[in-house]
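*Asks:* how would this look folded up:
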Amino acid sequence: MAAPRKQMQLNFFDTACTGCETDKHQRDPNDNSRGKDRLGYYTWLAKIAEKGKISSLFFADVYSPHEVYGGNGDASYRGGSQIGRMDPTILVSAMAAVTKNLCFGITGSTSYIPAYMLTRMWSTMDHVTEGRIGWNIVTSYSKPAAKAFESWEDGAQLWQAEPEMAYDPSKVHRIEFNGKYQKFSGYGQLHPSPQRTPVLFQAGSSPAGIKFSAKNAEAVFTSHPTIERLRSFVDKLRTEAKANGRDPQSIKVFTAILPIIGRTEEEAQAKLKKGLENTSWQGGLARFGGFTGVDLAKYPLDEEFDFEGKKYEVGIHSLVETFKYLSDIERWTPRKLGIAMASGGLSAMPVGTPEQVADVFEKWFVEGECDGFNMSYMSNPGSWEDVVELLVPELQKRGIYWTDYAVPGGTFRENMQGKPGHPLLPDDHPDGIRERWNP
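*Replies:* Okay, the predicted model is just below:
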């Protein structure tokens, strides 16, 4: 009997604010993004995602506007580039309440959220979602936060079996951590959640990012302009993971993509044309500056420029390298780059019928050796509806996308790995063994 085909996983990529990967929402009166300050948007998004058997809603998050372009945040505000950010952690319980299997990946920065607070927040979300939560790690993997998830032993919560003692204090441990940048002394605030530690995501394709992910991450969000560059990244990541004693295939790779789908080629091209007409180049340049630390305001807007591509202490170094690569292929003006950044960034953007777009997904999936895709949108709600109603059935017909979740009613980790009964970190993860109190 032939082995079953590997199944692609799909995530919806969004932000709890205007301008996810496209900056134009105020120009389109029918765009749903103007409702992102209302709970109804998120419950609607969760329900349509689960209808399409989407693995997770992945919410990116930052804590300030992009202020590199022009030396201030004006372009971000004018272009609506990721402005008006709400706290996605507060929205999770409402989305979980209207779904049974959809999972949620939430960005959390250990630079801005103290370890004991982050542990409490993510443990709470893991409890109320019954194990459907992931943490997109920003800045660095927080050792005090990781340790705080381990503060309670299994069996510390006794109130159901022994009414005279609600919790066993001998099984709740103080965590002491004295690091270079963080110090922590205290107890985890909650008894172990279904996954104990949320699924660990990391976004980054630089050499440092690969090294970090190969040691700590369970899933990686990446972005590449070509299949060859994606495959090179995947090979490096899995080689590094194996050197760390981890199963290379256990680290799932999701690459960015923005599909534009029509029932005909003409319809798809019309959707692309409308999207580009509404695009804000200002918002795109603001985001490029915020992501790279490179201020392009010093260049004439419509003149080709030579990209310096310096190494910066802050910023997404892989985006700098991607643009340097693309600059060797074609010439760019700041306006052209701004439009590209405001129309899905520098990642893949297949345009066409469901069959044509599915061809691109399948080619990247097979030849790029990734595990799935983080999908952003050109129009909202149109792009999400097109994925669920047009693309998903075509992928299912090809046998490369599941017709139901791998572990219905299971945790994020069980569904992502396809392993029922394994909700905790695996033993080959650096923090996996320590999770197993009273094995």
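*Asks:* which regions of the stretch 51-200 of the chain lie under the pLDDT threshold?
*Replies:* Residues of the stretch 51-200 of the chain that meet the criterion pLDDT under 70 lie in 79-82, 84, 139-152, 156-164.
*Asks:* quick one: the helices in it, in order.
*Replies:* Under the criterion DSSP state H, counting those that start in this stretch, helices of the stretch 51-200 of the chain are mapped to 74-79, 88-97, 115-128, 143-148.
*Asks:* now for those, which one comes closest to Leu395?
*Replies:* Between Leu395 and those, the shortest separation by CB to CB is 23.5 Å, and it involves helix 88-97. Just so you know, the C-beta spots here come from the backbone N, C-alpha and C atoms, and that holds for glycine as well.
*Asks:* just to revisit the earlier point, using a markdown table, lay out the helices of the stretch 51-200 of the chain together with distance to Gly40 and mean neighbour count.
*Replies:* Output for the helices of the stretch 51-200 of the chain, formatted as a markdown table (distance: least, CB to CB, whole Å; neighbours: other CB atoms under 10 Å):
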| stretch | distance to Gly40 | mean neighbour count |
| --- | --- | --- |
| helix 74-79 | 25 | 22 |
| helix 88-97 | 9 | 19 |
| helix 115-128 | 20 | 21 |
| helix 143-148 | 32 | 22 |
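*Asks:* now Asn374: phi and psi?
*Replies:* Dihedral angles of Asn374 (phi, psi; degrees, to the nearest 10) stand at phi -100, psi 110.
*Asks:* the nearest residue to it once chain neighbours are set aside in helix, strand or coil?
*Replies:* Leaving aside its chain neighbours, Asn374 sits nearest to Phe13 (4.3 Å; criterion: CB to CB, 6 or more residues apart in numbering). The three-state label for Phe13, taken from DSSP: H, G, I helix; E, B strand; the rest coil, comes out as strand.
*Asks:* gap between Phe13 and Arg231?
*Replies:* For Phe13, the distance to Arg231 equals 21 Å [CB to CB, to the nearest Å].
*Asks:* do the same with Ile54
*Replies:* Taking CB to CB as the criterion, Ile54 is separated from Arg231 by 25 Å.
*Asks:* which of the two has more residues huddled nearby?
*Replies:* Remark: of Ile54 and Arg231, Ile54 carries more neighbours, 26 against 16, as counted by other CB atoms under 10 Å.
*Asks:* and that one, what does it touch?
*Replies:* Residues in contact with Ile54, defined by CB atoms under 8 Å, 6 or more residues apart in numbering, are Leu10, Asn11, Phe12, Leu102, Val388.
*Asks:* and if you look at Ile339?
*Replies:* With CB under 8 Å, 6+ apart as the criterion, the residues that contact Ile339 are Leu276, Thr279, Trp281, Gly284.
*Asks:* let's have the residues you listed in JSON lines, adding distance to Pro408.
*Replies:* What follows is those, written out as JSON lines (distance: CB to CB, whole Å):
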{"residue": "Leu276", "distance to Pro408": "40"}
{"residue": "Thr279", "distance to Pro408": "39"}
{"residue": "Trp281", "distance to Pro408": "44"}
{"residue": "Gly284", "distance to Pro408": "40"}
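*Asks:* what's the neighbour count on Asn11?
*Replies:* Summarising burial for Asn11: neighbours were counted as other CB under 10 Å, giving 25.
*Asks:* Leu346 now?
*Replies:* Around Leu346 there are 18 other residues, counting by other CB under 10 Å.
*Asks:* wait, it sits on Thr322?
*Replies:* Yes: A contact is recorded between Leu346 and Thr322 when judged using CB atoms under 8 Å, the distance being 5.3 Å.
*Asks:* intersection of neighbour lists for these two?
*Replies:* Among the neighbours of Leu346, those also in contact with Thr322 (CB under 8 Å, 6+ apart) are Ser223, Pro225.
*Asks:* this protein: strands as residue ranges?
*Replies:* Listed in chain order, the strands of the chain (DSSP state E) span residues 9-15, 56-60, 103-109, 133-138, 175-178, 183-186, 199-203, 219-222, 252-257, 260-261, 351-352, 372-375.
*Asks:* tell me what the last one is packed against?
*Replies:* The helices and strands touching strand 372-375, judged by 3 or more CB pairs under 8 Å, 6 or more residues apart in numbering; DSSP states H and E, are strand 9-15, strand 252-257, helix 354-367.
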